[in-house]
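# compute the structure for the input listed below.
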Amino acid sequence: MESNQVPPSYLPPPPVGPPPVIAPPASSRPPRRGRGWMIFALVLIVLLGISVIANIGQFASEAFSLDGIRARPAGPRLDETLLEDNDAGSKIAVIDVDGIITSSVSEQGGYSMVTVIKSELDRAKDDAKVKAVVLRVDSPGGEVLASDEIYRALVDFQNDSGKPVITSMGNLAASGGYYVSSASRWIVANDLTITGSIGVILHTWNYRGLMNKVGLRPEVYKSGRFKDMLSGERNPEDVPPEEHDMIQALIDETYSRFQAVVAEGRGHAHQKNKEDGKTLARDWKDYADGRVLSGSQAYDLGFVDERGTFHDAVRRAKKLAGVAGEANLVQYRQRYDFSDFFRMFGKTRAQVIKVDLGMETPKLEAGQLYFLSPAFLH
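Numbers count the residues shown, from 1 in each chain. The predicted structure is shown next:
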């Protein structure tokens, strides 16, 4: 009988398991982090350093003139740009008064229109190659005080430098736009320019009727009878007649200042221009009642000296400045660099997202006096 047992030498070897996994010894050092944040921090520090150096250099350049003697007022940093290169040694500076005339600080540049125009005039005064200034006005007017500051700056510029200012009126140079123009040595207007509108307006709202409809009644505590003057919360019958008289007296006083500016500016221009320019008509005050005028009507009444275009104003500027040949047209624009970028981090007020609809509605403040033509703002 045969045996089924396999000889021991023919048995298969026992199965071999996987080798044991030997874990590395635990390390006491923390895991290594990426270096991206270090690179970002280094770049930020370098940019901050560049900004600091730029600010120090700009401060030094604005604090002193090139000869290190005369101090300069602080203001926007301006770069000269070439509008028209005529390969000439003389220059004519072009300064714009565009839009609502206001002393409010611009969201983009950080300076008001008044400050920028004053700085441009200072730049033109210091440059010996600049022989005249052409003021391009395309404005319906604006704040009373801002218009008066620009007017005075133009008068002081001409008196201090001896360089003439020639105004070139665009589509619109009404109310405050004409107020600043009247400081010029010469005014050029297109036949289709809308100008005039010599007058003052103060605007407010009375919304007490709406408050009564919704059941809202104000509680007012005041120190004087007229402390809530111009408040829109009162019933119209509660407004004392003396208040109307006081407000109208304020309007009349400001309006008288407007008329005096027109007479003064046009009178000085006529003294210098003699028979070349225009003088105010004897009945010009009859047309200074807030009405608007065309450029040709303004010429007939002596509010402007010449009917023409911007290029006519440039030719007149060269003639009045005594420039025999050609002159380059230059303009001053605000400079933006790293320091302006970092200034945004210091702003604490909320930023507003604006949508461009092709037009801009001015923000008129209640109780604020304006040299303004409201008909052109709607």
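
# can we go C-alpha only for contacts and neighbour counts from here?
OK.

# separation between the residue nearest to Gly142 when sequence neighbours are not counted and Ser139?
The shortest distance from Gly142 to any residue other than its chain neighbours is 4.3 Å, reached at Ile101 (C-alpha to C-alpha, 6 or more residues apart in numbering). Distance check for Ile101 against Ser139: by C-alpha to C-alpha, to the nearest Å, it reads 7 Å.

# are there residues contacting both of these two? Which ones?
By C-alpha atoms under 8 Å, 6 or more residues apart in numbering, Ile101 and Ser139 have these common neighbours: 176-177.

# on that earlier part again, okay, now the residue nearest to Gly142: neighbour count?
Close neighbours of Ile101, defined as other C-alpha atoms under 10 Å, add up to 26.

# quick one, phi/psi of it?
phi -80, psi 120 (degrees, to the nearest 10).

# contact partners of stretch 267-283?
Here stretch 267-283 makes contact (C-alpha under 8 Å, 6+ apart) with 184-186, 263, 266, 299-306.

# mind listing what's buried along it?
By neighbour count on 16 or more other C-alpha atoms under 10 Å, the buried set for stretch 267-283 is 267-270, 273, 277-280.

# repeat that for stretch 205-223.
Residues of stretch 205-223 classed as buried under the neighbour-count rule (16+ other C-alpha under 10 Å) are Arg208.

# dump that stretch to PDB, restricted to CA.
Extracted C-alpha coordinates of stretch 205-223, given in PDB (Å, rounded to 0.1, in the frame of the first residue of the first chain):
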ATOM      1  CA  TRP A 205     -35.900 122.400   0.400                       C
ATOM      2  CA  ASN A 206     -39.000 122.600   2.600                       C
ATOM      3  CA  TYR A 207     -40.200 119.100   3.300                       C
ATOM      4  CA  ARG A 208     -42.500 119.700   6.300                       C
ATOM      5  CA  GLY A 209     -45.600 118.800   4.200                       C
ATOM      6  CA  LEU A 210     -44.100 115.300   3.600                       C
ATOM      7  CA  MET A 211     -43.200 115.000   7.300                       C
ATOM      8  CA  ASN A 212     -46.800 115.800   8.200                       C
ATOM      9  CA  LYS A 213     -48.100 113.000   5.900                       C
ATOM     10  CA  VAL A 214     -46.000 110.300   7.500                       C
ATOM     11  CA  GLY A 215     -46.700 111.600  11.100                       C
ATOM     12  CA  LEU A 216     -43.200 112.900  11.700                       C
ATOM     13  CA  ARG A 217     -42.800 116.000  13.900                       C
ATOM     14  CA  PRO A 218     -39.500 117.600  14.800                       C
ATOM     15  CA  GLU A 219     -38.600 118.800  18.300                       C
ATOM     16  CA  VAL A 220     -36.300 121.800  18.000                       C
ATOM     17  CA  TYR A 221     -34.400 123.500  20.800                       C
ATOM     18  CA  LYS A 222     -32.500 126.600  19.700                       C
ATOM     19  CA  SER A 223     -30.600 129.400  21.300                       C
END
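
# look at the closest residue to Asp85 other than its chain neighbours and report its pLDDT.
In space, Asp85 comes closest to Asn328 once its chain neighbours are excluded; the distance is 5.2 Å by C-alpha to C-alpha, 6+ apart. We have a pLDDT of 95 for Asn328.
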